[in-house]
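Colleague: Return atomic coordinates for the entry below.
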Amino acid sequence: MNDVPRLSARTLARARQDVEQPGYDRARVTPGIVHLGIGNFHRAHQAVYVDDCLAADPGWGIVGASLRRPDMRDALAPQDGLYTLAVRDGDTTRARIIGSLCEVVYSDKGTAELLTRMCDPAIRIVSLTVTEKGYCRSPATGDLDTAHAGIRADLAAPGTPSTVPGLLAEAFRARRAAGVAPFTVLSCDNLPSNGRTVRRVVAQFAAAREEALAAFIESEVAFPETMVDRIVPATTDDDRAEIAALTGLEDAWPVITEPFSQWVIEDAFSADRPDFAAAGAQMVADVAPFETMKLRMLNGAHSALAYFGQLAGHETVSDAMGDPALARFVAALWDEVMPTLAMGRNELTGYCDALTARFLNPALRHRTAQIAMDGSQKVPQRLLATIADRRGRGLAHTALTRAVGAWIAYVGHAGGKVDDPMADRFTDLAASVLPDMAGFARQMVREKAVFGALAEDIAFADAVAEAVVMLDRKGVSAALAP
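Modeller: Next up, the predicted model:
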């Protein structure tokens, strides 16, 4: 693509005429938000809502923080933070240039530069998409994982933190010492009660440092609940080539997404905020019903499709959902989930219809392997919480149990060597038990860090083991046959 100019502030005017561009003067934009864990989802979701707010108030630009790798900084710095949002629907792709990102911060020398940005009085919101594992919490209890190597290191040297709880606690300590009001912490990750969850781990970290700091965080800092929803697959080289042809500009890291986008936010902030409602977000008093619906129906089905899809050789969600056996299974899964939710049956049925259409969208190419990552962190809230609800009501949970079995079969077929924070533990279990898949399943269910109280339930372990053996012996289609 050497003959195509690179996207930047200087070349923006050379974009094709049908490409939407920022509707505000970027020279007037100043940072008001620091975002931890900048990746494709944030750039396709929250950064777009912020982009829609900047014409009315340019003081809400975003400083993105890349916490683990320099890739995003290296891709976007030559582009002055500009990137392309490509919305795919069937055979149609619409391109838009997003300008809300002011800079991306990364340093292999530590987080001092990031902490400086977080302590700037102009920063009134710190938002996060760091995935479930980024909060260094126990999935089973929700408490801070004090055995986590990063947490131990941050408690030993709290002034040079590397973890999310350590960064937030140190930023609050420094702002408090300087007489600067605290920012709002806005988690946008798929965690149950994400605001309260993040408050809990940050306060627990702070308490291990200084009780007064923990008390300050508990009383003065807002942690609104949120629910986010948009399907955003990983970007490929084919995507980059398509975007260059579509826009007339080379983009090192465009982001691909679907037309649907939803952001539900508890309207409880420490200070002021952008007019998110004007940009299409839903500002509500209680996020919980929306969050639970999305976690259990969309995310639960996504994870199930990912694990069954990996076992059946389906590369993408649309391929998996196009498999009649898996489509029937997802419908059965939703039938089990719906009685655990607060919404009415008609509303939930409409939501299922919309999810089916989204899952079948072939243009997204959302890879099952990507969704299958970090199962130990996702399965508890996406599947096990629903199982616990149904068991408490005396209801069966056959489809949900099969979904858990698909995860364990996926881990077992990989010999435990999966992309997961608990991969070392899974590898040890596999080495000690396999090829006995039933035994492996029972050992996995005994992992309290994932299964909590269910780890003690022999009948549940037997049901999961049966599902795993069926998948191993018969394959996905036959195991899911009516």
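
Colleague: separation between the residue of the chain most remote from its centre and Asp145?
Modeller: Centroid-distance maximum for the chain: Asp3 at 36.2 Å, with CA atoms, centre = their mean. Distance, Asp3 to Asp145, by CB to CB, to the nearest Å: 51 Å. Bear in mind the C-beta positions are built from the backbone N, C-alpha and C, glycine included.

Colleague: With Gly81 instead?
Modeller: Going from Gly81 to Asp145 by CB to CB gives 34 Å.

Colleague: now do Glu210
Modeller: For Glu210, the distance to Asp145 equals 20 Å [CB to CB].

Colleague: and if you look at Leu454?
Modeller: 19 Å.

Colleague: okay, now Arg28: neighbour count?
Modeller: 10 (other CB atoms under 10 Å).

Colleague: show me the contacts for it.
Modeller: By CB atoms under 8 Å, 6 or more residues apart in numbering, the contact list for Arg28 reads Pro58.

Colleague: Repeat that for Val433.
Modeller: Taking CB under 8 Å, 6+ apart, we find Val433 in contact with Gly439, Phe440, Gln443.

Colleague: Buried only: go through the residues you listed for me.
Modeller: Among those, those buried by neighbour count (16 or more other CB atoms under 10 Å) are Gly439, Phe440, Gln443.

Colleague: Grab the nearest non-local neighbour of the last one.
Modeller: Translated: Gln443. Setting aside the residues directly before and after it, Gln443 is nearest to Leu429 in space (CB to CB, 6 or more residues apart in numbering), at 5.0 Å.

Colleague: Then the first one?
Modeller: Counting by CB to CB, 6+ apart, the nearest residue to Gly439 once its immediate chain neighbours are dropped is Val433, at 4.6 Å.

Colleague: quick one, phi/psi of that neighbour?
Modeller: Here is the backbone geometry of Val433 (degrees, to the nearest 10): phi -120, psi -40.

Colleague: now stretch 147-160: mean pLDDT?
Modeller: Stretch 147-160 carries an average pLDDT of 96.

Colleague: swap in stretch 311-331?
Modeller: Computed over stretch 311-331, the mean pLDDT rounds to 97.

Colleague: Using CSV, list the CA coordinates for that stretch.
Modeller: Listed next in CSV are the C-alpha coordinates belonging to stretch 311-331 (Å, rounded to 0.1, in the frame of the first residue of the first chain):
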residue,chain,number,x,y,z
LEU,A,311,-14.5,-28.3,19.0
ALA,A,312,-16.5,-28.6,15.7
GLY,A,313,-14.0,-26.7,13.6
HIS,A,314,-16.0,-23.5,13.1
GLU,A,315,-13.7,-20.5,12.8
THR,A,316,-16.2,-17.7,13.3
VAL,A,317,-19.4,-17.0,15.3
SER,A,318,-21.4,-16.8,12.1
ASP,A,319,-20.1,-20.2,11.0
ALA,A,320,-21.0,-21.7,14.4
MET,A,321,-24.5,-20.1,14.5
GLY,A,322,-25.1,-21.3,10.9
ASP,A,323,-24.6,-24.9,12.2
PRO,A,324,-28.2,-26.2,12.8
ALA,A,325,-27.2,-28.2,15.9
LEU,A,326,-25.6,-25.2,17.5
ALA,A,327,-28.5,-22.9,16.5
ARG,A,328,-30.9,-25.3,18.3
PHE,A,329,-28.5,-25.5,21.3
VAL,A,330,-28.4,-21.7,21.6
ALA,A,331,-32.2,-21.5,21.5
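
Colleague: Off-centre distance for it?
Modeller: Stretch 311-331 sits 22 Å away from the centroid of its parent chain (CA atoms, centre = their mean, to the nearest Å).

Colleague: Buried residues of that stretch, list them for me.
Modeller: Across stretch 311-331, burial judged by 16+ other CB under 10 Å covers 311-312, 314, 316-321, 323, 325-327, 329-330.

Colleague: Show me these that map onto strands.
Modeller: Among these, no member falls in strands (DSSP state E).

Colleague: what's the closest of these to Ala465?
Modeller: Leu311 (16.1 Å; CB to CB).

Colleague: The nearest residue to that closest one once chain neighbours are set aside: what's it in contact with?
Modeller: In space, Leu311 comes closest to Val476 once its chain neighbours are excluded; the distance is 5.3 Å by CB to CB, 6+ apart. With contact set as CB under 8 Å, 6+ apart, Val476 has these partners: Phe308, Leu311, Ala312, Asp323, Ala325, Leu326.

Colleague: hmm, back to that, quick check, nearest of the buried ones among the contacts of Val433 to Ala140?
Modeller: The closest of these to Ala140 turns out to be Gln443 (CB to CB; 16.1 Å).

Colleague: hmm, back to that, and the contacts of Val476 as a markdown table, adding distance to Ala459?
Modeller: Below are the contacts of Val476 laid out as a markdown table (distance: CB to CB, whole Å):
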| residue | distance to Ala459 |
| --- | --- |
| Phe308 | 23 |
| Leu311 | 24 |
| Ala312 | 28 |
| Asp323 | 30 |
| Ala325 | 26 |
| Leu326 | 26 |
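
Colleague: Show me which of these is closest to Ala414.
Modeller: Relative to Ala414, the closest of the contacts of Val476 is Leu311; by CB to CB it sits at 10.6 Å.

Colleague: give me every residue that touches the closest one.
Modeller: By CB under 8 Å, 6+ apart, the contact list for Leu311 reads Ala406, Ala409, Tyr410, His413, Leu471, Gly475, Val476.

Colleague: Tell me the pLDDT of the last one.
Modeller: At Val476, the model reports a pLDDT of 97.

Colleague: how much space between it and Leu168?
Modeller: Using CB to CB, one gets 42 Å for the distance from Val476 to Leu168.

Colleague: do the fourth one as well
Modeller: In this view, His413 and Leu168 are 38 Å apart by CB to CB.

Colleague: Looking at these two, which one has more neighbours?
Modeller: It is Leu168, of His413 and Leu168, that has more neighbours when counted by other CB under 10 Å, with 28 against 16.

Colleague: three-state assignment of that one?
Modeller: Secondary structure state of Leu168, per DSSP: H, G, I helix; E, B strand; the rest coil, is helix.

Colleague: mind listing the strands for the stretch 1-150 of the chain?
Modeller: In the stretch 1-150 of the chain, the strands defined using DSSP state E, counting those that start in this stretch lie at 31-36, 61-65, 83-89, 92-98, 101-105, 125-128.

Colleague: Put the alpha carbons of the second one into PDB.
Modeller: What it means is strand 61-65. Extracted as PDB, the C-alpha positions of strand 61-65 are listed here (Å, rounded to 0.1, in the frame of the first residue of the first chain):
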ATOM      1  CA  GLY A  61     -10.600  14.000  24.500                       C
ATOM      2  CA  ILE A  62      -9.100  10.700  25.500                       C
ATOM      3  CA  VAL A  63      -5.600   9.700  26.500                       C
ATOM      4  CA  GLY A  64      -5.400   6.000  25.900                       C
ATOM      5  CA  ALA A  65      -3.100   3.800  27.900                       C
END
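
Colleague: Can you pull out the residues in contact with that strand?
Modeller: Residues from elsewhere that reach strand 61-65 (CB under 8 Å, 6+ apart): 29-38, 42, 47, 50, 54, 72, 76, 81, 100-106, 114, 117, 123.

Colleague: What of stretch 163-174?
Modeller: 36, 67, 111, 114-115, 118-119, 126, 128, 130, 134-136, 144, 148, 150-151, 154-155, 158-159, 161, 182-183, 185, 198, 201-202, 204-206, 209-210, 213, 216-217, 221.
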